[in-house]
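Colleague: based on what follows, work out the 3D shape:
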Amino acid sequence: MNPPPLALALTDGPRALLDAAVLGLATPLLRKMPKATGKHSVMVIPGFLGDDGGNGPLICFLNSLGYQASGWEQGRNLGTASFDKDSLTRALGSLAVAGGGKVTLIGHSLGGIYAREIARREPGVVRQVITLGSPFGSGHEEASHASRLYRRLNPGDHREMVNPAPPPVPTTAIYTRGDGVVNWRTSVQRGDYPNVHNIEVLGSHIGLNMNLAVWYWVARKLTEH
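Modeller: Just a heads-up that it's a prediction; the model follows:
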């Protein structure tokens, strides 16, 4: 499977700025979304080269709705060698205690792949998984413009072993056909599975964590599970 066309790749950054601008205008309306009922913790995991600062606005939005939301607290996501698995497990455990025993995981791009694998290993701790443009599908290996850099930074990490089947918890895959980084087809859950929902939005890959429609759907999904 090929990566996105060059035109989408070259415009993904500028389109992300547009996504953020539209979101800024609509944020007051989003804050009227239904509030959290009871304890509900959320961990937002950044994409490749991203960090908690980039997800700060989304985290603040979720906290304003009454969720106990935080980042992954592992610094910049440079690949599997860039974070401490034990530290991440402890952070997840602390959020689970604050959230009544379970945590919703939201992952942008590579962060969504981590979220799915954490849920696969710890289904009793994860309430649900929401991925934003995460290339977990078959054929993802060469379907991303970031693959070469990822392999250079993580020479021993064989991501071809990523499991395309959903984890055993409610899962939502949000994607955009305007994705300029990964082929959008790898961000869609294939097959007929219960508790799995694919949602298409308009926007860029880089800006999915600052996308009006994404914030709307995340807020809705958090009230459903």
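
Colleague: helix, strand, or coil at residue 42?
Modeller: strand (DSSP: H, G, I helix; E, B strand; the rest coil).

Colleague: who's in contact with the residue nearest to it when sequence neighbours are not counted?
Modeller: Closest residue in space to residue 42, ignoring its immediate chain neighbours: residue 69 at 4.2 Å, by C-beta to C-beta, 6 or more residues apart in numbering. (Each C-beta comes from the backbone N, C-alpha and C, glycine too.) By C-beta atoms under 8 Å, 6 or more residues apart in numbering, residue 69 lies in contact with 41, 42, 43, 44, 59, 62, 63.

Colleague: shouldn't residue 70 be within a helix?
Modeller: No - read with three-state DSSP, residue 70 is strand and lies in no helix.

Colleague: where exactly do the helices run in this structure?
Modeller: Listed in chain order, the helices of the chain (DSSP state H) span 6-30, 56-64, 85-98, 110-121, 147-153, 212-224.

Colleague: tell me which residues in the shortest one are buried?
Modeller: If you call a residue buried by 16 or more other C-beta atoms under 10 Å, then helix 147-153 has these buried ones: 147, 150.

Colleague: just how off-centre is that helix within its chain?
Modeller: Averaging C-alpha positions (C-alpha atoms, centre = their mean, to the nearest Å) puts helix 147-153 20 Å from its chain's average.

Colleague: next: stretch 120-132.
Modeller: Here the centre of stretch 120-132 is set off from its chain's centre by 12 Å, with C-alpha atoms, centre = their mean.

Colleague: again, but for stretch 169-179
Modeller: Its chain's C-alpha centre and that of stretch 169-179 lie 9 Å apart, by C-alpha atoms, centre = their mean.

Colleague: do stretch 205-221 as well
Modeller: Centre-to-centre, stretch 205-221 and its host chain are 10 Å apart (C-alpha atoms, centre = their mean).

Colleague: tell me which of the helices of the chain sits nearest to residue 180.
Modeller: helix 6-30 (3.0 Å; C-beta to C-beta).

Colleague: angle of the closest one against helix 56-64?
Modeller: Per axes from the mean of the first three to the mean of the last three C-alpha atoms, to 10 degrees, the angle that helix 6-30 makes with helix 56-64 is 30 degrees.

Colleague: quick revisit: put the buried members of the contacts of residue 69 into a PyMOL selection.
Modeller: PyMOL command restricting these to the buried ones, with burial defined by 16+ other C-beta under 10 Å:
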select buried, resi 41+42+43+44+59+62
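
Colleague: tell me which of the contacts of residue 69 is nearest to residue 126?
Modeller: After measuring the contacts of residue 69 against residue 126 - C-beta to C-beta - the closest member comes out as residue 43, at 9.3 Å.

Colleague: measure the closest one to residue 80 for me?
Modeller: For residue 43, the distance to residue 80 equals 17 Å [C-beta to C-beta, to the nearest Å].
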